[in-house]
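Student: let's see this in three dimensions:
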Amino acid sequence: MKKNMLLLSFFMIISNLNSQESETPKTQPSKFLSNFYYSVNFGGIFYPFSNDNLIEGYETETFSKNYFSGKLGFGYKIKENLALQFGVIRPASWFKYDNVNNIGYFRSVWINAWYLSLKKNINITKKLSFFGEVGAANVTRSGFSIDEKVIYDDAHFGNLLYGFGFNYQLNDRWKLALNGTFFPKSDKNNQPSISQASVGFEYHIQKIPEELALEYENDERYFFPKNILQVSYGTSKVGFGTNQFFGMSLKVGNFESFGIPIFWVGDVKAENSFSITYQRLAFRTQKLFSLDWGVSITAFNTEATDTNVFAFSIFPTMRFYLMRRDGFDMYTNYSLIGPTYLTKSNIDNLETGPKITYQDTMGLGVFFGEKRAYNAELRIMHYSNGNIFTKNSGVAIPIQFTIGKTF
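Tutor: Reported below is the predicted structural model:
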């Protein structure tokens, strides 16, 4: 719980991004934001699970391995070439023991690691740098049972993380990244080593000249709402296909996991949901990107047992503008790890973990009307503890239909 509260505090700081003075243009990042960056990386993950990890008397001849994985995180530059990083590493889908003991048992083992690390860059040329990374990780593994007998046990433990790689600077904001990340094996926890090779990018928020910041602030060609108040409703009657597609778990023809692995689903399914959301602008660029902080209250009842649950959340939101036309502005938004309090812990007789958890949302919307006074949006939502704990069934909220007012 202490670890969870530490992570909660960290993201409460990040989400309170409007701490800059009111007279400072929103096109100029605060001191905190000017040292802040986020990183997105995808690649292969390797962990040599084998029959040696199972209890005596259980084995299989074949394994299903999905190597595709992600490394997502945030960074804060302590100095120009020294940064504190926080993020998560996980595969897109789980390692599977096929047909255990040749009697039809197919069982998965999932692994997840949240990390806190220091990253040191060493410049090779003006644009190319080498970096080393070292830190601590919260590793969570969920094993499996057969006929109520534990064959591979759950585990939750701290571990060392280390890595190295290269950054190539495209400009002041964008860096390409080539990463190698490693976790040593833990004999105590019956856990093999984990290694990942990935490629991706870093986006650094930078201060700009004051004259340019004021020019962007006063540029009336591009609309950015200062405040948004939204009301949303969702129903499971529309299905969970969108959630499953973006969680790469949609079944299409012979494909068992069709889609794009950029979101999550959840074992608990909401039947009806209702949300009230307020968002406030923290930072924006001239045209394409904004960062908001927000608060929300969501009420939902579940499909399986008609359980009523309330969720109280604070969160950061990244908004990317896709199209600007005379009558509307279209955007997509993405919010991760919004600290949330759920009024129930275990839901639908599933172990969803502690009441303190996280909210994730993803949406597509438009601002329209005179002075872009109105808003419409489609969004999906997810609640889970991010596999920080072994018990993390997760909650899936299907598409919500949202209307809003800007001011």
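Student: which parts of the stretch 201-350 of the chain are strands?
Tutor: With DSSP state E, counting those that start in this stretch as the criterion, the stretch 201-350 of the chain has strands at 227-235, 250-252, 255-258, 268-284, 289-302, 308-324, 328-342.
Student: can you list the buried residues in the fourth one?
Tutor: This points to strand 268-284. Of the residues in strand 268-284, 268-273, 275, 277, 279, 281-284 count as buried by neighbour count, 16 or more other Cβ atoms under 10 Å. Backbone N, C-alpha and C define where each C-beta goes, glycine included.
Student: now render these as CSV, adding pLDDT and distance to residue 159.
Tutor: Converted to CSV, the buried residues of strand 268-284 look like this (pLDDT from 0 to 100; distance: Cβ to Cβ, whole Å):
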residue, pLDDT, distance to residue 159
268, 96, 29
269, 97, 33
270, 98, 34
271, 98, 39
272, 98, 41
273, 98, 37
275, 98, 37
277, 98, 37
279, 98, 37
281, 96, 39
282, 94, 34
283, 94, 35
284, 94, 39
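Student: which one is residue 146 nearest to, not counting chain neighbours?
Tutor: residue 105 (5.4 Å; Cβ to Cβ, 6 or more residues apart in numbering).
Student: and if you look at residue 43?
Tutor: Leaving aside its chain neighbours, residue 43 sits nearest to residue 198 (2.9 Å; criterion: Cβ to Cβ, 6+ apart).
Student: now for the one you found, how many residues are close by?
Tutor: 22 (other Cβ atoms under 10 Å).
Student: repeat that for residue 292.
Tutor: Residues near residue 292, counting by other Cβ under 10 Å, number 26.
Student: isn't it up against residue 280?
Tutor: Yes - with contact defined as Cβ atoms under 8 Å, residue 292 counts as touching residue 280 (6.1 Å).
Student: common neighbours of these two, please.
Tutor: Common contacts of residue 292 and residue 280 (Cβ atoms under 8 Å, 6 or more residues apart in numbering): residue 228.
Student: rewinding a little: which residues does the residue nearest to residue 146 form beta bridges with?
Tutor: Beta-bridge pairing for residue 105 (DSSP bridges): residue 100.
Student: how far away is it from residue 358?
Tutor: Counting by Cβ to Cβ, to the nearest Å, the gap from residue 105 to residue 358 is 32 Å.
Student: more neighbours: which of the two?
Tutor: A direct count of neighbours by other Cβ under 10 Å for residue 105 and residue 358 places residue 358 higher, at 22 against 16.
Student: residues in contact with the more buried one?
Tutor: Counting by Cβ under 8 Å, 6+ apart, residue 358 makes contact with 336, 337, 338, 339, 340, 383, 384, 385, 386.
Student: mind doing that once more with 7 Å?
Tutor: 337, 338, 339, 340, 384, 385, 386 (Cβ atoms under 7 Å, 6 or more residues apart in numbering).
Student: my read: the third one touches residue 314, true?
Tutor: Yes - the pair formed by residue 339 and residue 314 meets the contact definition of Cβ atoms under 7 Å, at 5.7 Å.
Student: more crowded one of those two?
Tutor: Between residue 339 and residue 314, residue 339 has the larger neighbour count (other Cβ under 10 Å), namely 22 against 18.
Student: identify the bridge partners of that one.
Tutor: residue 358.
Student: and it, what's its pLDDT?
Tutor: Listed pLDDT for residue 339 reads 96.
Student: gap between it and residue 359?
Tutor: 8 Å.
Student: need the residues touching each of those two.
Tutor: With Cβ under 7 Å, 6+ apart as the test, residue 339 and residue 359 both reach residue 313.
Student: so after the least confident helix or strand in the chain by mean pLDDT, what's the next helix or strand?
Tutor: Taking mean pLDDT, DSSP states H and E as the measure, the helix or strand of the chain with the lowest value is helix 2-15, at a mean of 44. Next helix or strand after helix 2-15 toward the C-terminus (DSSP states H and E): strand 36-46.
Student: packing partners of that following strand?
Tutor: Packing partners of strand 36-46 (3 or more Cβ pairs under 7 Å, 6 or more residues apart in numbering; DSSP states H and E): strand 68-79, strand 174-183, strand 194-204.
Student: mean pLDDT for those strands - can I get that in TSV?
Tutor: Output for the helices and strands packed on strand 36-46, formatted as TSV (pLDDT from 0 to 100):
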stretch	mean pLDDT
strand 68-79	94
strand 174-183	97
strand 194-204	96
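Student: can you put these in a markdown table and add distance to residue 406?
Tutor: Formatted as a markdown table, these follow (distance: least, Cβ to Cβ, whole Å):
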| stretch | distance to residue 406 |
| --- | --- |
| strand 68-79 | 27 |
| strand 174-183 | 30 |
| strand 194-204 | 26 |
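Student: right, I'll leave it there.
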